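K.L.:
just coords:
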């Protein structure tokens, strides 16, 4: 399962619609393209390798890429890499971006006021070389209760034609409901994975409403020393399928509901191919029962 060559490999898990846009459920997250520690002042990624990863992703049928203007490290910008590697863009490619958080030229973080969101949208447009953004997610600030004012500002930009569809990120069910009272929501992007299941209620609420649920960190970083040993049941299921633990994590995530989209990220072509191959994995009821019992 570790390597794939099929041009439609990313379609192995089927498709879902983001509004009027159809994407394969196995996509790609661009954050790790800029370096192993994307927001740190360390060694930047190899530019040629990052471009090769993006081009290989398209070859494998990936047509949903998640990025943000604040995905940058010294000398590397995810949006600039995407533009360089893929423009002119394939007609079916959906690039999803995020606004709310921002970083200045020195890498320091800040959060946009509602009236500053247009500037963040325009920054993504400039970097990606686009006239409008297919999907923009509003990332909620930690501790923020109401997202109405910020989401309303994005809804105005959608009406102005700068954004095609809207999503939200790091939200509760109540905040999703609040957003839906203002404008249509095509996706919710929350932290979720095999051992990060606290947002199950949000996933189910999205499924009931036909909204895509897009987990981030479904596969933890592969950096040595940063991950505990894999649980025995996960290793057992991986052994049954001749797969890696990371592939089983992705397959488990995709098996949670048809509306779940996975966006694993990497700066390594071999890891990309491994991730995309997970789209074809089919877990049995016994596999899922064993995995779901892990706490």
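P.N.:
Sure thing, it's come through. All values derive from a computational prediction rather than experimental measurement.

K.L.:
ok, how many other residues are close to residue 131?
P.N.:
By other C-beta atoms under 10 Å, 8 other residues sit near residue 131. Every residue, glycine included, has its C-beta placed from N, CA and C.

K.L.:
Identify the spatial nearest neighbour of it, chain neighbours not counted.
P.N.:
residue 125 (7.2 Å; C-beta to C-beta, 6 or more residues apart in numbering).

K.L.:
Contact partners for that neighbour?
P.N.:
By C-beta atoms under 8 Å, 6 or more residues apart in numbering, the contact list for residue 125 reads 131-133, 162.

K.L.:
which residues of the stretch 151-295 of the chain fall in helices?
P.N.:
Assigned by DSSP state H, counting those that start in this stretch, the stretch 151-295 of the chain shows helices spanning 173-180, 200-209, 232-241, 245-255, 269-277, 285-292.

K.L.:
before we move on, the earlier item: mind listing what's buried in the one helix or strand the residue nearest to residue 131 maps to?
P.N.:
Using DSSP states H and E, residue 125 maps to helix 117-128. By neighbour count with 16 or more other C-beta atoms under 10 Å, helix 117-128 contains the buried residues 117-118, 120-121, 123-125, 127-128.

K.L.:
Stretch 67-83 too?
P.N.:
Neighbour-count burial for stretch 67-83, counted by 16+ other C-beta under 10 Å, picks out 67-73, 76-83.

K.L.:
From those, which land in helices?
P.N.:
Here DSSP state H is the test, and these give 78-83 as lying in helices.

K.L.:
where in the stretch 151-295 of the chain is pLDDT low?
P.N.:
Residue ranges of the stretch 151-295 of the chain with pLDDT under 70: 221-227.

K.L.:
Nearest residue to the residue nearest to the spatial centre of the chain in space, please, no chain neighbours.
P.N.:
Taking C-alpha atoms, centre = their mean as the criterion, residue 263 is the residue nearest the geometric centre of the chain, at 3.9 Å. Residue nearest to residue 263 in three dimensions, not counting chain neighbours: residue 29, with 4.0 Å by C-beta to C-beta, 6+ apart.

K.L.:
Would you mind measuring from that neighbour to residue 150?
P.N.:
From residue 29 across to residue 150, the span is 23 Å (C-beta to C-beta, to the nearest Å).

K.L.:
Could you do residue 142 as well?
P.N.:
Relative to residue 150, residue 142 is positioned 14 Å away (C-beta to C-beta).

K.L.:
These two: which has the busier surroundings?
P.N.:
More crowded of residue 142 and residue 150, by other C-beta under 10 Å: residue 150, with 25 against 7.
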